[in-house]
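[1] The following comprises the amino acid sequence and a computationally predicted model.
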Amino acid sequence: MKVMLKVKEWETRKQKHQRKRDSYRSALRLLLVVIWIAIIWSMSAQSYQQQDIQPWLQKLSQKMHIGFILPDVQFTYSGHEYSLKQNPYAFVEFFFRKTAHVFVYAVLAALVYGGLRYKRVNMRTCILLALIVVALIASIDEYIQQFSPERTSSIRDVGVDLIGGCFGIAVYAAIRALFRRK
């Protein structure tokens with residue numbers, strides 16, 4: 001009888017420890033999401049000059065002695081014309097900035113999705129909630145950019161951010177599936 005009581009007591013302690021550890025992990029996951037959102041919003045508040053990489057690109061191209069004829073690739077995005085031939089630095093910077101949008105929101109979506117999956121929430125619900133968080137934070141991000149010097153806000157960027165969110169969820173799910181198979 002005493003042995004059974006000891007086993008039950010041990011199991012109860014183990015369950016308490018497990019719940020405590022799970023609550024710490026949940027808090028850590030939430031903290032990571034909050035920190036990532038703070039990073040996004042701090043970048044939004046920066047002026048264009050603080051984020052401008054064109055001078056760095058010019059120095060890099062001079063060091064590498066890049067001297068070749070560029071093709072005439074051009075497009076318009078949110079009323080701005082980009083031309084690889086006429087202004088290659090602005091062209092490259094545009095793609096760098098959009099790639100940064102995709103990356104930043106992919107990480108946000110993966111953090112939210114992973115946190116919800118850890119809590120054993122239904123996968124579809126996780127995807128939906130992660131994309132809602134991405135859309136909400138991206139919209140607030142674009143709103144903040146209106147007040148930053150020489151920055152423009154665009155609803156198109158929210159679309160780019162949502163693409164990043166989808167990408168982040170897909171990568172997270174793929175990596176998780178790979179590790180489960182091993």
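    Alright, I've got the coordinates.

[2] alpha carbons only for contacts and neighbour counts from here, please
    Will do.

[3] Which helix or strand in this structure has the lowest average pLDDT?
    Least confident element among the helices and strands of the chain, by mean pLDDT, DSSP states H and E: helix 48-51 (a mean of 59).

[4] Okay, now the unreliable bits of this structure?
    Counting by pLDDT under 70, the ranges of the chain that qualify are 1-11, 13-14, 17, 46-70, 151, 182.

[5] ok, now with 90
    Across the chain, the ranges flagged by pLDDT under 90 are 1-27, 41-98, 100, 117-121, 141-156, 177, 179-182.

[6] quick one: the strands in it?
    74-77, 80-83 (DSSP state E).

[7] Please work out which of the ones you listed is packed deepest.
    Of the strands of the chain, the one with the most neighbours on average (mean count of other C-alpha atoms under 10 Å) is strand 80-83, at a mean of 14.

[8] Report the strands that pair with that one, each with its relative direction.
    Using DSSP bridges, strand 80-83 pairs in its sheet with strand 74-77 (antiparallel).

[9] how far does the strand it pairs with sit from the chain's center?
    In this view, strand 74-77 has its centroid 25 Å away from the chain centroid, taken as C-alpha atoms, centre = their mean, to the nearest Å.

[10] mind listing the helices for the chain?
    For the chain, helices defined by DSSP state H occupy the ranges 2-44, 48-51, 54-63, 88-118, 123-145, 155-181.

[11] Now distance to residue 78 and mean neighbour count too, for the ones you listed, in JSON lines please.
    Formatted as JSON lines, the helices of the chain follow (distance: least, C-alpha to C-alpha, whole Å; neighbours: other C-alpha atoms under 10 Å):
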{"stretch": "helix 2-44", "distance to residue 78": "18", "mean neighbour count": "13"}
{"stretch": "helix 48-51", "distance to residue 78": "16", "mean neighbour count": "12"}
{"stretch": "helix 54-63", "distance to residue 78": "19", "mean neighbour count": "12"}
{"stretch": "helix 88-118", "distance to residue 78": "12", "mean neighbour count": "20"}
{"stretch": "helix 123-145", "distance to residue 78": "13", "mean neighbour count": "18"}
{"stretch": "helix 155-181", "distance to residue 78": "8", "mean neighbour count": "17"}
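
[12] Nearest to residue 81, out of those helices?
    Closest to residue 81 of these, according to C-alpha to C-alpha: helix 88-118, at 9.1 Å.

[13] re the thing from before, would JSON lines of the helices of the chain with distance to residue 73 be doable?
    Below are the helices of the chain laid out as JSON lines (distance: least, C-alpha to C-alpha, whole Å):
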{"stretch": "helix 2-44", "distance to residue 73": "29"}
{"stretch": "helix 48-51", "distance to residue 73": "24"}
{"stretch": "helix 54-63", "distance to residue 73": "18"}
{"stretch": "helix 88-118", "distance to residue 73": "9"}
{"stretch": "helix 123-145", "distance to residue 73": "27"}
{"stretch": "helix 155-181", "distance to residue 73": "21"}
